[in-house]
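Chemist: Mind folding the following:
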Amino acid sequence: MRNQDQVPVAIHSAAVPARTVKSLYPAPFAMQMEGRTKHVLGDLFGLKNFGVNLTRLVPGGISALRHAHTRQDEFIYVLSGCGVIVTDEGETNICPGMCAGFPSGTGNAHQIRNTGTTELIFLEVGDRSAGDEVTYPDDDLMAQFVSGQWQFTHKDGSAY
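Modeler: Residues are numbered from 1 along each chain as shown. The predicted model follows:
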């Protein structure tokens, strides 16, 4: 351990427990994340400017609803398994050793799907830019990152 706050210098990722809340999405969207497990790695080290997750998708599982950020960049690196990235251009196959980046502000929505027969495991890295907004072109959902928390509404602005 590094200091009195018990922040480790290094840890094996397998020792980090899975996030207990499967999704922050409101119902009925949250149940679509049942095939996803996240191990929140960055918070363990006290990282404030970006997050790092080890994400696992069972066959048929999805990373998130297809979405685009206005201010937050995202990056993934595939460790094992195969699947597809779904963007406005269509589907792109991914396999171990591949990586992808999703720059903010483009409006190009993305999602990762496990189309394989084994677990798909990848690292995801994203910044925590204040004032971010997320659009979900396939769903009646919008999100805003306010005071470090996501707030979800319908596209007309009404609350869930």
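
Chemist: which residues in this protein form strands?
Modeler: Under the criterion DSSP state E, the chain contains strands at 36-40, 50-57, 68-69, 74-80, 83-87, 90-94, 99-102, 111-113, 120-127, 133-135, 142-146, 149-153.

Chemist: Tabulate those (TSV), appending distance to Pro17.
Modeler: Where C-beta positions appear, they are placed from N, C-alpha and C, glycine not excepted. Shown next, in TSV, are the strands of the chain (distance: least, CB to CB, whole Å):
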stretch	distance to Pro17
strand 36-40	7
strand 50-57	11
strand 68-69	27
strand 74-80	18
strand 83-87	24
strand 90-94	26
strand 99-102	26
strand 111-113	22
strand 120-127	16
strand 133-135	26
strand 142-146	25
strand 149-153	21
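
Chemist: Burial-wise, tell me which of these comes out on top.
Modeler: strand 68-69 (a mean of 23; mean count of other CB atoms under 10 Å).

Chemist: Can you spell out which helices and strands pack onto that strand?
Modeler: When contacts are defined as 3 or more CB pairs under 8 Å, 6 or more residues apart in numbering; DSSP states H and E, strand 68-69 sits against strand 133-135.

Chemist: Distance from the chain centre to the strand it packs on, please.
Modeler: Relative to the mean C-alpha coordinate of its chain, strand 133-135 is positioned 13 Å out (CA atoms, centre = their mean, to the nearest Å).

Chemist: now the strands of the chain as TSV including distance to Ala27 and mean pLDDT?
Modeler: Shown next, in TSV, are the strands of the chain (distance: least, CB to CB, whole Å; pLDDT from 0 to 100):
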stretch	distance to Ala27	mean pLDDT
strand 36-40	16	96
strand 50-57	21	97
strand 68-69	22	98
strand 74-80	25	98
strand 83-87	23	98
strand 90-94	28	98
strand 99-102	26	98
strand 111-113	19	98
strand 120-127	24	97
strand 133-135	18	96
strand 142-146	15	91
strand 149-153	10	92
